[in-house]
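Peer 1: Here is a sequence with its predicted model. Questions after.
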Amino acid sequence: MRLGRRTRIAVTVALALVLVLALAPWWAPITGLALPALAPPQSFIDVGGGTRLHVVDEGDGPPIVLVHGLPGGTGDWTPLPERLIAAGFRVIRYDRTGYGHSSRRGSGNAHTVEANGEDLVALLRAMQLEPAVLVGWSYGGGVAQSAAAAAPEQVAGLVLVGSDGPTSPSFGGFARVFELTTPVRRWAVASGFPARIGVRVWARSFFGDAVPEWWPEYAMSVIGAPGMIDTWTAEVRDFDPSTIPAGRIVVPTTVVQGALDSIVPPAVGTALKDQIANASLVMVEDGTHMLPNTHSDLLVTEIAKLASR
């Protein structure tokens, strides 16, 4: 059966569109649509097992270690580091394994909160830090708790910001969907323009109408880093909130929770306050999940209070 002229034109246009989209990873860099590159690395610390963590170490004074979430990197925290440095602290940020400039885990390795906690303890020991205050944000809060439970002698205290805990929702069936769509997300990142659209939608869901000017370009550089999609997918797959050892924390702890947080429900922060011995809770009534970006002065105050205990 012969196709009509209009049908042939429609099929030709459809095939051409599919070809253009399939080749997007090739032409995106030429047209300037490719995602921006990460900022250049600063320094690396060998934590054993062939893993090197990218570290930004600034300032003088009692050490504060910032532990980012899922996904993320050293640049997540703007403007908190500069304000902590001005307050007299040494501020250490690092890319967790699999993100930014740090080493990637092998595909057969567990991408768990506990594994990240082991990396963090190894980093504290490799840097020969005096006991440090760990500031864990989101998934990074679970990592900080894991490190503090495993090596309390290395940890002066915890500040948990919009932090996961044992009562966090699991990813459930979404994790399987996320894993199955990995090739699509790789294409979206390599093509540039779909990821750009996604990041801007993501930004509005996090910040509302007050998205910082710097954040979208930075977030694009994070998700565009080689191998990052695989790490992100594996951490979603392996996330088990029941393994977060809140009940074994013995160091001073402050939980800072945004009442408007749409990523980690405020009830998780309230529960952490009860699960961690002698923890205190600061509920930020106008706070979203992005407290280090939107309420850095408040966090400096709470970190300084904890560090002085």
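Peer 2: Looks like it came in fine.
Peer 1: unless I'm mixing things up, A144 is touching V135, no?
Peer 2: Yes - here A144 reaches V135: they are 7.3 Å apart, a contact under C-beta atoms under 8 Å. Using the backbone N, CA and C atoms, a C-beta is placed for each residue, glycine as well.
Peer 1: Which residues are in contact with each of those two?
Peer 2: Residues touching both A144 and V135 (C-beta atoms under 8 Å, 6 or more residues apart in numbering): 67, 158.
Peer 1: all strands of the stretch 1-150 of the chain, in order?
Peer 2: Ranges of strands in the stretch 1-150 of the chain, per DSSP state E, counting those that start in this stretch, are 43-48, 51-58, 63-67, 90-94, 132-137.
Peer 1: do the stretch 151-300 of the chain as well
Peer 2: 155-161, 253-258, 280-284.
Peer 1: Which elements pack onto the second one?
Peer 2: Packed against strand 253-258, as judged by 3 or more C-beta pairs under 8 Å, 6 or more residues apart in numbering; DSSP states H and E, are the following elements: strand 155-161, helix 266-275, strand 280-284, helix 296-307.
Peer 1: and of these, who's closest to A86?
Peer 2: Closest to A86 of the helices and strands packed on strand 253-258, according to C-beta to C-beta: helix 296-307, at 8.4 Å.
Peer 1: what comes into contact with that closest one?
Peer 2: 62, 64, 79-80, 83-84, 87, 89, 133, 135, 156-159, 161, 252-254, 256, 282, 284, 291-292.
Peer 1: go again using 7 Å as the cut-off
Peer 2: 62, 64, 79-80, 83-84, 87, 133, 135, 156-157, 159, 161, 252, 254, 256, 282, 284, 291-292 (C-beta atoms under 7 Å, 6 or more residues apart in numbering).
Peer 1: Would you mind giving the strands of the stretch 1-150 of the chain as TSV with mean pLDDT, distance to D261 and mean neighbour count added?
Peer 2: TSV is the format used below for the strands of the stretch 1-150 of the chain (pLDDT from 0 to 100; distance: least, C-beta to C-beta, whole Å; neighbours: other C-beta atoms under 10 Å):
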stretch	mean pLDDT	distance to D261	mean neighbour count
strand 43-48	97	31	15
strand 51-58	98	26	19
strand 63-67	98	17	26
strand 90-94	98	22	24
strand 132-137	98	11	28
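Peer 1: Need those in TSV (columns: distance to T270).
Peer 2: Putting the strands of the stretch 1-150 of the chain into TSV (distance: least, C-beta to C-beta, whole Å) gives the following:
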stretch	distance to T270
strand 43-48	34
strand 51-58	32
strand 63-67	21
strand 90-94	28
strand 132-137	17
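Peer 1: which stretch among those comes nearest S107?
Peer 2: strand 51-58 (14.9 Å).
Peer 1: That closest one vs strand 63-67, what angle?
Peer 2: Relative orientation of strand 51-58 with respect to strand 63-67: 130 degrees, computed using axes from the mean of the first three to the mean of the last three C-alpha atoms, to 10 degrees.
Peer 1: List the pairing partners of strand 51-58 within its sheet, with orientation.
Peer 2: strand 43-48 (antiparallel), strand 90-94 (antiparallel) (DSSP bridges).
Peer 1: Could I get the CA-only coordinates of that strand as CSV?
Peer 2: Coordinates of each C-alpha in strand 51-58 appear next as CSV, following Å, rounded to 0.1, in the frame of the first residue of the first chain:
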residue,chain,number,x,y,z
THR,A,51,39.6,6.6,46.9
ARG,A,52,40.6,10.2,46.7
LEU,A,53,38.2,12.9,47.9
HIS,A,54,38.2,16.4,46.5
VAL,A,55,38.4,18.9,49.4
VAL,A,56,38.1,22.6,49.8
ASP,A,57,39.8,23.6,53.1
GLU,A,58,39.6,27.3,54.1
